[in-house]
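> This is a predicted model, with the sequence first.
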Amino acid sequence: MREPLSAETSDRRDADARDLDTRIRRFIARTDAPEIGFDRLALDLFAYQFEHNEPYRRYCRRMERTPNDVRHWREIPAIPAAAFSELRLACFPSQRAALAFESSGTTTGGARPTRHELEDAGLYDASLLTHFRKCVIPDSTSMTICALAPSFSQAPHSSLSYMLSKIDDVFGESGGGFFIRDDALDFAAACATLRRCSGPAAIIGTAFAFIHFIDRADAEGVRFELPLGSRMVETGGFKGRSREVPRDELYAALSRVFGVPRVFCVSEYGMCELGSQWYDANLADYFAGRAPRPDTKIGPRWARTLVVDPVTAAPVAAGASGLLAHYDLSNRGSVMAVLTGDLGRESDGGFELLGRHRGAAPKGCSIAIDAMLDAERG
Amino acid sequence: MASSAADIDSPEFVRRCERIAAGAAQWRDPKSWVRRESRERLRDGIWSAPVVEAALDAALWDLDLGRATELVRRYDRQGASALVILPGNVLGPAITSAYCAAVAGARAILKPAQDERHLADVVVQQFEELGTPLASTIESRHWRGGDERLEGHAFSEATRVIVFGGDEAVQSVRSRIERPDRVVEFADAFSIGVVGPNADVRQAARGTAIDVCMFDQRGCMSPQTIYVAGPHERAIIFGQALARALAEIDRRLPRARPAAGEQAALADLIRLLSASVLDSPTHGLGTLIVDRRHQMIPSYVIAVEPFGSPRCAGFGRVVSVRPFAAMPALADVVKAFGRPLDTVGVGGAIAPADTQLFGAQRVCALGEMQRPPFGYRPSPADFIDRNA
């Protein structure tokens, strides 16, 4: 058992945290992303997390990488995302947590929920709002936000609900709202809100919520012609909660039901374990006058992604597929380097998401019927 | 057609018992034709030859004439017809299912898994050779997954559907059967080992190694986590003893051919375990032991972790070892894990009242976990038509 931190050590930790927060916020506010600045901050953050996050320190030592050995951010050991479901990965005492996000564990394949504690919501907010603005509403300062997700008050441990509530607070015009209540889609209320929209709206929801909405709209013959400039943001996959639909089919259905062109539909990629999010580049490209990159996810300038070999965790050759390892400065209070179970490859200034890594061998008595189901799924 | 309860001790009854016992004896005899045939057919499969032999030795190890007579007398009924959807992760259920059907006087269709389709064929051939009353009572039927016509036909023929599989898969089968009450399911479950305070650590480690190596932790009766009574140091010493035992037994029961993606999955898990294991008390006593004798993939992985929920890797000879202080607290974390507990393998003397706390299906000695008695899984009772 570790001794409680002395007052002096605790004060020094607080001072270091404040200093890092200030520097990271300054970096977030920049319009450029100098590699040298990112590297300097990342190495300082690694040293801080190594000192104050005991399970992470143990992990780094086992990986034989300490601040004394690491010379570049690419060498910082990335902890498996699944570790967030097994260990408290925080640089501060639990009573100091301002927010604690939990997810069901579907991203880790484990039975236990993932938990990510934040010491200060300010850095998280700066990160999510800045990148959302750049990727989703680069042409505007506000619009009506319709969320096919529960509000943060309904889901107080959901990072997605927190994010959407914050986005609504800062960028939302009056007249929007949250339309998943008590785990059910309030279809009628969502339709009424969409019909009232007189200006561009951002419809944001999980894939499974959109599927439910589309099924209902198709069944009832409901169609919308949302005002010009409206956009759709699909957040994350299906996570076993509804029938799965191929991505192109989903976007075709979104265009059909909401009257929003494909180039105005983007997918967000994020996870409970990370403070930052990634978005399809097409909308930002469109407003910047570039050729849209609908299959490329772009991250914020305060984050970097490496594609690594699933066995060695070493970076793969450019264009090869592998696991995504994210280095996210906004994860100041936990671990900045997180190795996910997501497969991707480098693509045109970002990465292309290829799905979940199916590395695990078959287990339990499931092979017989899994084979049956696989055939069924085609 | 099966004999009725009124025919007990009739020549037909005696013949049935004798044929069952004779057939079971063939499975226990390494020189028998069923063993030769199975060996030949499984030669290019994922399991090493010694593991195949050990699995076949264990399949019907206790089904002698006395046991067969007792069971036939208890279960013999009219009219059941069963469909058994077999697993592919272990060897043996095809054989035990066929003999359960024989004991119950049932007809059965065996639907083998893609990964292990041979033993069902061999046992069908054996029943033909054994003659009346076993001949023509079982059938091995292969079809590609998702073939609704063949699947629907098999479902309609069976009054009982016995399914081995993961929760989601079992649920899927259940949803496609008109009367789900006909389904007997063996879905997701896990097993653990418990090393008592007075156990000989080296002996317990040797028993654990046998249970681990039998099916490389892929089975429901494989010991995923071993809880060791006492302080951390005792768990670490057990981990070291287990490493030695696994290294030794690896020569007798070599590891299966790795599944696709297993190397990456192991690498991922080892990274995770690197964060979760206990600190090593000395340089020589590691808490994460990864056997690197083979270049491509570790033979086994042992992680000595703090007291907590079971870890169920389910592949690759990965074993979690955790210390525990008190049996009630251990039973609480195991029950709170939320998945059905199949078998508890015990090292040393542990009071039955303590093992009952776990609510496991079965309690046995470490080293015996992969050798359940005949009728444990499935049971002849699963093949009886309760509506008849």
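It's in. Residues are numbered from 1 along each chain as shown, chains lettered A, B, ... in the order given.

> For stretch B:131-144, give the mean pLDDT please.
Stretch B:131-144 shows a mean pLDDT of 92.

> chain center to it: distance?
23 Å (CA atoms, centre = their mean, to the nearest Å).

> what about dumping the CA coordinates of it to PDB?
Output of stretch B:131-144 as PDB, limited to C-alpha atoms (Å, rounded to 0.1, in the frame of the first residue of the first chain):
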ATOM      1  CA  GLY B 131     -25.700 -53.600 -33.700                       C
ATOM      2  CA  THR B 132     -29.100 -53.800 -32.200                       C
ATOM      3  CA  PRO B 133     -30.400 -52.000 -30.200                       C
ATOM      4  CA  LEU B 134     -27.900 -49.100 -30.800                       C
ATOM      5  CA  ALA B 135     -27.600 -49.400 -34.600                       C
ATOM      6  CA  SER B 136     -29.500 -46.700 -36.600                       C
ATOM      7  CA  THR B 137     -30.300 -44.700 -33.400                       C
ATOM      8  CA  ILE B 138     -27.900 -41.900 -34.100                       C
ATOM      9  CA  GLU B 139     -27.000 -39.900 -37.200                       C
ATOM     10  CA  SER B 140     -24.300 -37.400 -37.900                       C
ATOM     11  CA  ARG B 141     -25.700 -34.600 -40.000                       C
ATOM     12  CA  HIS B 142     -23.500 -31.800 -41.400                       C
ATOM     13  CA  TRP B 143     -24.900 -28.600 -42.900                       C
ATOM     14  CA  ARG B 144     -23.500 -25.200 -43.500                       C
END
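
> Give me the buried stretch members for it, please.
B:133-134, B:137-141 (16 or more other CB atoms under 10 Å in any protein chain shown). Any C-beta I mention is one placed from the backbone N, CA and C, and that applies to glycine too.

> Repeat that for stretch B:308-319.
By neighbour count with 16+ other CB under 10 Å, stretch B:308-319 contains the buried residues B:309-319.

> Also stretch B:218-233?
Buried, per 16+ other CB under 10 Å, within stretch B:218-233: B:218-230, B:232.

> Report how many residues lie close to the closest residue to residue B:135 other than its chain neighbours.
Nearest residue to residue B:135, sequence neighbours excluded (CB to CB, 6 or more residues apart in numbering or on different chains): residue B:128, at 5.1 Å. Using other CB atoms under 10 Å in any protein chain shown, the number of residues around residue B:128 comes to 13.

> I'd say residue B:128 and residue B:136 touch.
Yes - counting by CB atoms under 8 Å, residue B:136 is a contact partner of residue B:128 at 7.3 Å.

> Show me the shaky parts of the stretch 51-200 of chain A.
Flagging of the stretch 51-200 of chain A using pLDDT under 70 yields the residue ranges A:104-111.

> Which residues of it lie near chain B?
The stretch 51-200 of chain A has residues A:55-56, A:58-59, A:62-63, A:79-80, A:82-83, A:86-87, A:111-112 near chain B, with proximity defined as CB under 8 Å from any CB of the partner chain.

> you'd agree residue A:144 is in a helix?
No - counting by DSSP: H, G, I helix; E, B strand; the rest coil, residue A:144 is located in no helix; its state is strand.
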